[in-house]
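[1] Predicted model, plus sequence, below.
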Amino acid sequence: MIHTVAMSGLAFSSALYAQEVVRIGHVGPVSGPVAHLGKDNENGAKMAIDELNAKGVSIGGKSVRLVLLTEDDAGDPKQGTAVAQKLVDSKVNGVIGHLNSGTSIPASKVYSDAGIPQISPSATNPKFTRQGYKTTFRVVADDVHLGGSLGRYAIKELKGKSIVVIDDRTAYGQGVAEEFAKAVKASGGVIAEQQYTTDKSTDFSAILTSVKAKKPDIVFFGGMDAVAGPLARQMKQLGINATMMGGDGICSPELPKLAGGLLTDGAVICAEAGGVEGGQKVGMDKFKENYKRKFGVDVQIYSPYVYDAVNVLVSAMVKAGSSDPKVYLPVLAKTTDYKGVTGNISFDEKGDVKNGALTLFTYKSGKREQIAVVR
(Lines give C-alpha, C1' and ligand atoms only; values in the text may rest on other atoms or scores of the structure.)
Protein backbone atom coordinates (compact mmCIF):
# COMPACT_ATOMS: atom_id res chain seq x y z
CA MET A 1 0.00 0.00 0.00
CA ILE A 2 2.80 2.38 0.93
CA HIS A 3 4.46 1.55 -2.36
CA THR A 4 1.28 2.61 -4.31
CA VAL A 5 0.99 5.93 -2.45
CA ALA A 6 4.63 6.69 -3.15
CA MET A 7 4.15 5.87 -6.81
CA SER A 8 1.00 8.00 -7.15
CA GLY A 9 2.78 10.86 -5.35
CA LEU A 10 5.63 10.52 -7.84
CA ALA A 11 3.21 10.54 -10.77
CA PHE A 12 1.52 13.63 -9.35
CA SER A 13 4.79 15.53 -8.89
CA SER A 14 5.98 14.61 -12.39
CA ALA A 15 2.63 15.84 -13.83
CA LEU A 16 3.24 19.16 -12.10
CA TYR A 17 6.79 19.16 -13.36
CA ALA A 18 5.55 18.52 -16.93
CA GLN A 19 3.50 21.72 -16.89
CA GLU A 20 5.69 24.21 -18.72
CA VAL A 21 5.78 27.90 -17.90
CA VAL A 22 5.26 30.36 -20.76
CA ARG A 23 6.35 33.90 -19.88
CA ILE A 24 4.54 36.83 -21.46
CA GLY A 25 5.92 40.32 -20.88
CA HIS A 26 3.79 43.44 -20.63
CA VAL A 27 5.14 47.00 -20.62
CA GLY A 28 3.26 50.25 -20.04
CA PRO A 29 3.67 53.46 -18.01
CA VAL A 30 2.27 52.58 -14.58
CA SER A 31 3.95 55.66 -13.10
CA GLY A 32 3.96 59.23 -14.40
CA PRO A 33 1.16 61.39 -15.87
CA VAL A 34 -0.48 58.66 -17.98
CA ALA A 35 -0.24 55.92 -15.33
CA HIS A 36 -4.05 55.52 -15.45
CA LEU A 37 -3.70 54.39 -19.09
CA GLY A 38 -0.72 52.15 -18.33
CA LYS A 39 -2.59 50.47 -15.46
CA ASP A 40 -5.60 49.96 -17.75
CA ASN A 41 -3.33 48.18 -20.25
CA GLU A 42 -1.75 46.03 -17.55
CA ASN A 43 -5.21 45.04 -16.29
CA GLY A 44 -6.19 43.94 -19.81
CA ALA A 45 -3.15 41.62 -19.88
CA LYS A 46 -3.92 40.24 -16.40
CA MET A 47 -7.50 39.52 -17.40
CA ALA A 48 -6.47 37.60 -20.52
CA ILE A 49 -3.80 35.57 -18.69
CA ASP A 50 -6.14 34.71 -15.78
CA GLU A 51 -8.90 33.57 -18.15
CA LEU A 52 -6.53 31.48 -20.29
CA ASN A 53 -5.03 29.78 -17.23
CA ALA A 54 -8.52 29.08 -15.82
CA LYS A 55 -9.55 27.46 -19.12
CA GLY A 56 -6.27 25.57 -19.45
CA VAL A 57 -3.83 25.99 -22.32
CA SER A 58 -2.09 23.13 -24.08
CA ILE A 59 0.84 23.79 -26.46
CA GLY A 60 2.36 20.92 -28.45
CA GLY A 61 0.44 18.38 -26.37
CA LYS A 62 1.73 19.77 -23.06
CA SER A 63 -0.28 21.64 -20.46
CA VAL A 64 1.26 25.11 -19.90
CA ARG A 65 0.90 27.80 -17.26
CA LEU A 66 1.06 31.39 -18.51
CA VAL A 67 2.97 33.84 -16.33
CA LEU A 68 2.75 37.60 -16.81
CA LEU A 69 5.93 39.64 -16.26
CA THR A 70 5.03 43.33 -16.00
CA GLU A 71 7.39 46.27 -16.36
CA ASP A 72 6.95 50.05 -16.03
CA ASP A 73 8.54 52.23 -18.74
CA ALA A 74 7.06 55.49 -17.27
CA GLY A 75 6.49 56.63 -20.88
CA ASP A 76 10.23 57.30 -21.12
CA PRO A 77 12.19 55.99 -24.18
CA LYS A 78 15.38 55.24 -22.18
CA GLN A 79 13.47 53.35 -19.50
CA GLY A 80 11.54 51.63 -22.30
CA THR A 81 14.69 50.08 -23.80
CA ALA A 82 16.04 49.18 -20.35
CA VAL A 83 12.91 47.22 -19.37
CA ALA A 84 12.76 45.65 -22.85
CA GLN A 85 16.27 44.27 -22.27
CA LYS A 86 15.21 43.09 -18.81
CA LEU A 87 12.32 41.09 -20.35
CA VAL A 88 14.65 39.63 -23.00
CA ASP A 89 17.07 38.58 -20.24
CA SER A 90 14.12 37.00 -18.37
CA LYS A 91 13.59 34.79 -21.45
CA VAL A 92 10.03 35.93 -22.18
CA ASN A 93 8.28 34.05 -24.98
CA GLY A 94 6.50 37.17 -26.27
CA VAL A 95 5.77 40.80 -25.34
CA ILE A 96 2.61 42.90 -25.29
CA GLY A 97 3.35 46.66 -25.33
CA HIS A 98 4.50 49.29 -25.07
CA LEU A 99 1.69 51.83 -24.70
CA ASN A 100 3.36 54.89 -26.25
CA SER A 101 4.94 55.10 -29.70
CA GLY A 102 7.91 56.94 -28.14
CA THR A 103 8.79 53.85 -26.07
CA SER A 104 7.54 51.14 -28.46
CA ILE A 105 9.75 52.26 -31.36
CA PRO A 106 13.15 52.13 -29.58
CA ALA A 107 12.15 48.98 -27.65
CA SER A 108 11.17 47.20 -30.88
CA LYS A 109 14.87 46.98 -31.87
CA VAL A 110 15.69 45.19 -28.60
CA TYR A 111 12.95 42.60 -29.20
CA SER A 112 13.86 42.25 -32.89
CA ASP A 113 17.53 41.60 -32.03
CA ALA A 114 16.39 38.86 -29.62
CA GLY A 115 13.83 37.44 -32.08
CA ILE A 116 10.95 37.95 -29.64
CA PRO A 117 7.50 38.89 -31.05
CA GLN A 118 6.05 42.18 -29.79
CA ILE A 119 2.42 43.23 -30.25
CA SER A 120 1.58 46.82 -29.34
CA PRO A 121 -2.04 47.47 -28.39
CA SER A 122 -1.76 51.23 -28.73
CA ALA A 123 1.40 52.57 -30.48
CA THR A 124 0.03 54.35 -33.55
CA ASN A 125 3.09 56.09 -35.08
CA PRO A 126 3.52 54.59 -38.61
CA LYS A 127 7.29 54.15 -38.07
CA PHE A 128 6.66 51.40 -35.49
CA THR A 129 5.89 48.76 -38.15
CA ARG A 130 7.99 50.30 -40.94
CA GLN A 131 11.48 49.52 -39.69
CA GLY A 132 11.67 46.15 -41.43
CA TYR A 133 11.48 44.10 -38.21
CA LYS A 134 9.74 40.73 -38.52
CA THR A 135 8.85 40.69 -34.81
CA THR A 136 6.73 43.87 -34.69
CA PHE A 137 2.91 43.87 -34.76
CA ARG A 138 0.03 46.10 -33.68
CA VAL A 139 -3.70 45.57 -33.24
CA VAL A 140 -4.82 49.21 -33.78
CA ALA A 141 -4.97 51.46 -36.85
CA ASP A 142 -1.99 53.82 -37.25
CA ASP A 143 -1.74 57.64 -37.30
CA VAL A 144 -2.02 57.87 -41.09
CA HIS A 145 -5.52 56.49 -40.64
CA LEU A 146 -6.24 58.24 -37.33
CA GLY A 147 -4.88 61.72 -38.09
CA GLY A 148 -6.10 61.51 -41.69
CA SER A 149 -9.68 60.71 -40.71
CA LEU A 150 -9.72 63.54 -38.15
CA GLY A 151 -8.28 66.01 -40.68
CA ARG A 152 -10.95 65.14 -43.26
CA TYR A 153 -13.66 65.36 -40.58
CA ALA A 154 -12.44 68.84 -39.54
CA ILE A 155 -12.95 70.19 -43.07
CA LYS A 156 -15.87 68.17 -44.40
CA GLU A 157 -18.07 67.82 -41.32
CA LEU A 158 -17.01 70.68 -39.03
CA LYS A 159 -16.32 73.12 -41.91
CA GLY A 160 -13.16 74.35 -40.17
CA LYS A 161 -11.89 77.71 -41.45
CA SER A 162 -9.14 78.68 -38.98
CA ILE A 163 -7.32 75.57 -37.75
CA VAL A 164 -4.49 75.59 -35.23
CA VAL A 165 -2.30 72.53 -34.54
CA ILE A 166 -0.43 72.01 -31.25
CA ASP A 167 1.67 68.93 -30.47
CA ASP A 168 3.79 67.72 -27.55
CA ARG A 169 6.85 66.72 -29.69
CA THR A 170 6.63 63.04 -28.68
CA ALA A 171 6.69 60.35 -31.39
CA TYR A 172 2.94 59.90 -30.93
CA GLY A 173 1.89 63.55 -30.60
CA GLN A 174 4.03 64.82 -33.46
CA GLY A 175 3.07 61.89 -35.70
CA VAL A 176 -0.69 62.23 -35.30
CA ALA A 177 -0.51 66.05 -35.65
CA GLU A 178 1.47 65.79 -38.90
CA GLU A 179 -1.05 63.34 -40.40
CA PHE A 180 -3.94 65.58 -39.30
CA ALA A 181 -2.33 68.66 -40.91
CA LYS A 182 -1.63 66.71 -44.14
CA ALA A 183 -5.27 65.61 -44.40
CA VAL A 184 -6.55 69.15 -43.68
CA LYS A 185 -4.44 70.52 -46.56
CA ALA A 186 -5.42 67.64 -48.88
CA SER A 187 -9.09 68.41 -48.14
CA GLY A 188 -8.63 72.05 -49.15
CA GLY A 189 -8.21 73.48 -45.62
CA VAL A 190 -5.51 75.75 -44.21
CA ILE A 191 -3.45 75.44 -41.01
CA ALA A 192 -3.44 78.95 -39.51
CA GLU A 193 -0.70 78.22 -36.98
CA GLN A 194 1.43 75.41 -35.52
CA GLN A 195 2.59 75.46 -31.92
CA TYR A 196 4.63 73.07 -29.78
CA THR A 197 4.61 72.12 -26.12
CA THR A 198 5.91 69.13 -24.12
CA ASP A 199 4.27 66.09 -22.53
CA LYS A 200 5.10 67.56 -19.07
CA SER A 201 3.68 71.09 -19.60
CA THR A 202 0.94 72.55 -17.40
CA ASP A 203 0.95 76.25 -18.38
CA PHE A 204 -0.07 77.15 -21.93
CA SER A 205 -0.67 80.91 -21.57
CA ALA A 206 2.08 81.97 -24.02
CA ILE A 207 0.97 79.48 -26.72
CA LEU A 208 -2.74 80.25 -26.24
CA THR A 209 -2.27 84.03 -26.38
CA SER A 210 -0.76 83.57 -29.84
CA VAL A 211 -3.47 81.03 -30.79
CA LYS A 212 -6.30 83.36 -29.71
CA ALA A 213 -5.13 86.00 -32.22
CA LYS A 214 -5.88 83.53 -35.04
CA LYS A 215 -9.55 83.29 -33.96
CA PRO A 216 -9.51 79.49 -34.43
CA ASP A 217 -12.65 77.42 -34.82
CA ILE A 218 -10.63 74.18 -34.40
CA VAL A 219 -7.59 73.48 -32.21
CA PHE A 220 -6.02 70.07 -32.81
CA PHE A 221 -3.82 68.70 -30.02
CA GLY A 222 -1.34 65.85 -30.64
CA GLY A 223 -0.56 64.33 -27.25
CA MET A 224 -2.11 62.61 -24.23
CA ASP A 225 -5.07 63.42 -21.95
CA ALA A 226 -2.82 64.54 -19.04
CA VAL A 227 -1.83 67.61 -21.09
CA ALA A 228 -5.03 67.95 -23.18
CA GLY A 229 -7.18 68.42 -20.03
CA PRO A 230 -5.34 71.48 -18.66
CA LEU A 231 -5.01 72.82 -22.25
CA ALA A 232 -8.79 72.61 -22.75
CA ARG A 233 -9.37 74.30 -19.37
CA GLN A 234 -7.01 77.19 -20.16
CA MET A 235 -8.55 77.61 -23.65
CA LYS A 236 -11.95 78.07 -21.97
CA GLN A 237 -10.53 80.49 -19.38
CA LEU A 238 -9.00 82.61 -22.18
CA GLY A 239 -12.28 82.69 -24.09
CA ILE A 240 -11.09 80.48 -26.98
CA ASN A 241 -14.32 78.72 -27.95
CA ALA A 242 -12.80 76.48 -30.63
CA THR A 243 -13.58 72.76 -30.91
CA MET A 244 -10.64 70.77 -29.57
CA MET A 245 -9.74 67.73 -31.67
CA GLY A 246 -7.25 64.96 -30.96
CA GLY A 247 -6.36 61.31 -31.34
CA ASP A 248 -6.83 58.37 -28.99
CA GLY A 249 -4.29 59.76 -26.51
CA ILE A 250 -6.77 62.42 -25.38
CA CYS A 251 -9.89 60.28 -25.89
CA SER A 252 -10.20 58.89 -22.35
CA PRO A 253 -13.03 58.98 -19.77
CA GLU A 254 -10.63 60.99 -17.55
CA LEU A 255 -10.51 64.01 -19.91
CA PRO A 256 -13.46 65.98 -18.38
CA LYS A 257 -11.92 65.56 -14.91
CA LEU A 258 -8.45 66.59 -16.20
CA ALA A 259 -10.10 69.68 -17.76
CA GLY A 260 -11.31 70.69 -14.30
CA GLY A 261 -14.97 70.15 -15.22
CA LEU A 262 -14.83 72.97 -17.78
CA LEU A 263 -15.61 70.91 -20.90
CA THR A 264 -18.80 72.14 -22.54
CA ASP A 265 -20.94 69.62 -24.45
CA GLY A 266 -19.49 68.83 -27.87
CA ALA A 267 -16.37 70.96 -27.23
CA VAL A 268 -14.04 68.02 -27.93
CA ILE A 269 -14.02 65.59 -30.84
CA CYS A 270 -11.51 62.76 -30.65
CA ALA A 271 -10.89 59.45 -32.37
CA GLU A 272 -9.82 56.14 -30.96
CA ALA A 273 -8.13 53.50 -33.09
CA GLY A 274 -10.46 50.52 -33.31
CA GLY A 275 -14.20 50.20 -32.93
CA VAL A 276 -16.96 47.64 -33.17
CA GLU A 277 -20.45 47.81 -34.58
CA GLY A 278 -23.54 45.64 -34.75
CA GLY A 279 -23.18 42.10 -33.42
CA GLN A 280 -19.55 42.66 -32.36
CA LYS A 281 -20.65 45.31 -29.85
CA VAL A 282 -22.04 42.53 -27.62
CA GLY A 283 -18.55 41.08 -27.08
CA MET A 284 -17.07 44.48 -26.24
CA ASP A 285 -19.90 45.29 -23.79
CA LYS A 286 -19.39 41.92 -22.09
CA PHE A 287 -15.64 42.59 -21.83
CA LYS A 288 -16.32 45.98 -20.18
CA GLU A 289 -18.72 44.38 -17.68
CA ASN A 290 -16.25 41.61 -16.78
CA TYR A 291 -13.41 44.14 -16.50
CA LYS A 292 -15.39 46.32 -14.08
CA ARG A 293 -16.37 43.28 -12.01
CA LYS A 294 -12.73 42.15 -11.80
CA PHE A 295 -10.96 45.48 -11.18
CA GLY A 296 -13.71 47.73 -9.80
CA VAL A 297 -13.00 50.47 -12.36
CA ASP A 298 -14.14 51.26 -15.91
CA VAL A 299 -12.09 50.53 -19.02
CA GLN A 300 -9.99 53.57 -20.01
CA ILE A 301 -9.00 53.07 -23.67
CA TYR A 302 -6.66 50.26 -24.63
CA SER A 303 -7.26 47.33 -22.24
CA PRO A 304 -9.53 45.48 -24.74
CA TYR A 305 -6.71 45.71 -27.33
CA VAL A 306 -4.20 44.34 -24.80
CA TYR A 307 -6.63 41.53 -24.00
CA ASP A 308 -6.93 40.68 -27.70
CA ALA A 309 -3.15 40.97 -28.24
CA VAL A 310 -2.43 38.41 -25.47
CA ASN A 311 -5.03 36.04 -26.94
CA VAL A 312 -3.66 36.44 -30.51
CA LEU A 313 -0.12 35.71 -29.24
CA VAL A 314 -1.16 32.57 -27.31
CA SER A 315 -3.40 31.41 -30.17
CA ALA A 316 -0.35 31.49 -32.52
CA MET A 317 1.67 29.41 -30.01
CA VAL A 318 -1.14 26.84 -29.75
CA LYS A 319 -1.48 26.68 -33.55
CA ALA A 320 2.29 26.32 -34.01
CA GLY A 321 2.50 23.70 -31.25
CA SER A 322 5.36 25.66 -29.68
CA SER A 323 6.03 28.70 -27.48
CA ASP A 324 9.49 29.07 -29.02
CA PRO A 325 9.47 32.49 -30.74
CA LYS A 326 11.34 31.12 -33.78
CA VAL A 327 8.64 28.47 -34.31
CA TYR A 328 5.44 30.43 -33.64
CA LEU A 329 6.49 33.82 -35.16
CA PRO A 330 5.65 32.80 -38.79
CA VAL A 331 2.24 31.54 -37.58
CA LEU A 332 1.60 34.82 -35.72
CA ALA A 333 2.47 36.80 -38.87
CA LYS A 334 -0.18 34.85 -40.79
CA THR A 335 -2.96 35.61 -38.25
CA THR A 336 -6.20 35.92 -40.22
CA ASP A 337 -9.66 36.85 -38.94
CA TYR A 338 -8.95 36.19 -35.27
CA LYS A 339 -12.27 37.07 -33.61
CA GLY A 340 -11.38 39.47 -30.80
CA VAL A 341 -13.46 41.75 -28.61
CA THR A 342 -12.10 44.69 -30.64
CA GLY A 343 -13.15 43.11 -33.96
CA ASN A 344 -11.55 40.70 -36.42
CA ILE A 345 -7.75 40.77 -36.42
CA SER A 346 -5.58 39.97 -39.47
CA PHE A 347 -2.02 41.21 -39.98
CA ASP A 348 -0.58 42.59 -43.23
CA GLU A 349 3.03 42.06 -44.36
CA LYS A 350 4.26 44.90 -42.09
CA GLY A 351 2.51 43.55 -39.00
CA ASP A 352 -0.22 46.21 -39.13
CA VAL A 353 -3.83 45.26 -38.47
CA LYS A 354 -5.78 45.08 -41.75
CA ASN A 355 -8.82 47.31 -42.32
CA GLY A 356 -8.48 48.92 -38.88
CA ALA A 357 -11.58 50.73 -37.68
CA LEU A 358 -11.72 54.12 -35.99
CA THR A 359 -14.32 55.44 -33.56
CA LEU A 360 -15.16 59.13 -33.27
CA PHE A 361 -16.27 60.42 -29.86
CA THR A 362 -17.39 63.63 -28.20
CA TYR A 363 -18.19 64.50 -24.57
CA LYS A 364 -21.58 65.41 -23.15
CA SER A 365 -22.38 66.05 -19.46
CA GLY A 366 -18.84 64.90 -18.60
CA LYS A 367 -19.29 61.52 -20.30
CA ARG A 368 -17.77 60.18 -23.51
CA GLU A 369 -20.30 59.63 -26.27
CA GLN A 370 -19.80 57.75 -29.55
CA ILE A 371 -20.40 59.65 -32.80
CA ALA A 372 -19.56 57.01 -35.42
CA VAL A 373 -17.31 54.08 -36.41
CA VAL A 374 -15.36 54.79 -39.62
CA ARG A 375 -12.88 52.73 -41.67
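    Looks like it arrived, so ask away.
[2] so where's the stretch 101-250 of the chain shaky on pLDDT?
    Within the stretch 101-250 of the chain, no stretch has pLDDT under 70.
[3] now the strands for it?
    Ranges of strands within the stretch 101-250 of the chain are 118-120, 136-138, 163-167, 191-196, 218-222, 243-246, based on DSSP state E, counting those that start in this stretch.
[4] in its sheet, what does the last one sit against?
    Which is strand 243-246. Under the criterion DSSP bridges, strand 243-246 sits next to strand 218-222 (parallel), strand 268-273 (parallel) in its sheet.
[5] Residue 200: neighbour count?
    10 (other C-beta atoms under 10 Å). The way it works is simple: take the backbone N, C-alpha and C, and place the C-beta from them, glycine included.
[6] And residue 345, by the same measure?
    23.
[7] does it really touch residue 305, like I thought?
    No: using C-beta atoms under 8 Å, residue 345 makes no contact with residue 305, being 9.6 Å away.
[8] which residues are common contacts for those two?
    Both residue 345 and residue 305 are contacted by residue 139, under the criterion C-beta atoms under 8 Å, 6 or more residues apart in numbering.
[9] Look through the protein and tell me its longest helix.
    Secondary structure assigned by DSSP state H gives helix 35-55 as the longest helix of the chain.
[10] That helix: which residues count as buried?
    By neighbour count with 16 or more other C-beta atoms under 10 Å, helix 35-55 contains the buried residues 35-49, 52.
[11] before we move on, what about stretch 70-82?
    Buried residues in stretch 70-82, defined by neighbour count with 16+ other C-beta under 10 Å: 70, 71, 72, 73, 74, 75, 76, 77, 79, 80, 81.
[12] What lies in contact with the longest helix of the chain?
    By C-beta under 8 Å, 6+ apart, the residues outside helix 35-55 that reach it are 24, 26, 28-32, 65-68, 70, 72, 75, 96-97, 99, 121-122, 224-225, 252, 254, 290-291, 294-295, 299-307, 310-311, 314.
[13] now stretch 156-168
    154, 173-174, 176-177, 180-181, 184, 187, 189-199, 201, 207, 211, 214-224, 227, 231, 242-243, 269.
[14] The stretch 251-375 of the chain: helices as residue ranges?
    Counting by DSSP state H, counting those that start in this stretch, the stretch 251-375 of the chain has helices at residues 255-258, 280-295, 303-320, 325-333.
[15] Could I get those helices in CSV, plus columns for mean neighbour count and mean pLDDT?
    Putting the helices of the stretch 251-375 of the chain into CSV (neighbours: other C-beta atoms under 10 Å; pLDDT from 0 to 100) gives the following:
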stretch, mean neighbour count, mean pLDDT
helix 255-258, 20, 96
helix 280-295, 14, 94
helix 303-320, 24, 98
helix 325-333, 17, 98
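[16] any chance of these in JSON lines, plus distance to residue 360?
    Converted to JSON lines, the helices of the stretch 251-375 of the chain look like this (distance: least, C-beta to C-beta, whole Å):
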{"stretch": "helix 255-258", "distance to residue 360": "15"}
{"stretch": "helix 280-295", "distance to residue 360": "16"}
{"stretch": "helix 303-320", "distance to residue 360": "17"}
{"stretch": "helix 325-333", "distance to residue 360": "31"}
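[17] measure the nearest residue to residue 197 once chain neighbours are set aside to residue 208 for me?
    Leaving aside its sequence neighbours, residue 197 sits nearest to residue 168 (C-beta to C-beta, 6 or more residues apart in numbering; 5.5 Å). Distance of residue 168 to residue 208, computed by C-beta to C-beta, to the nearest Å: 15 Å.
[18] Name the residue in the two with the higher neighbour count.
    The neighbour count for residue 168 versus residue 208, taken as other C-beta under 10 Å, is higher for residue 168 (24 against 21).
[19] for the stretch 101-250 of the chain, what spans make up the helices?
    For the stretch 101-250 of the chain, the helices defined by DSSP H, counting those that start in this stretch cover 101-114, 143-156, 171-186, 205-212, 225-237.
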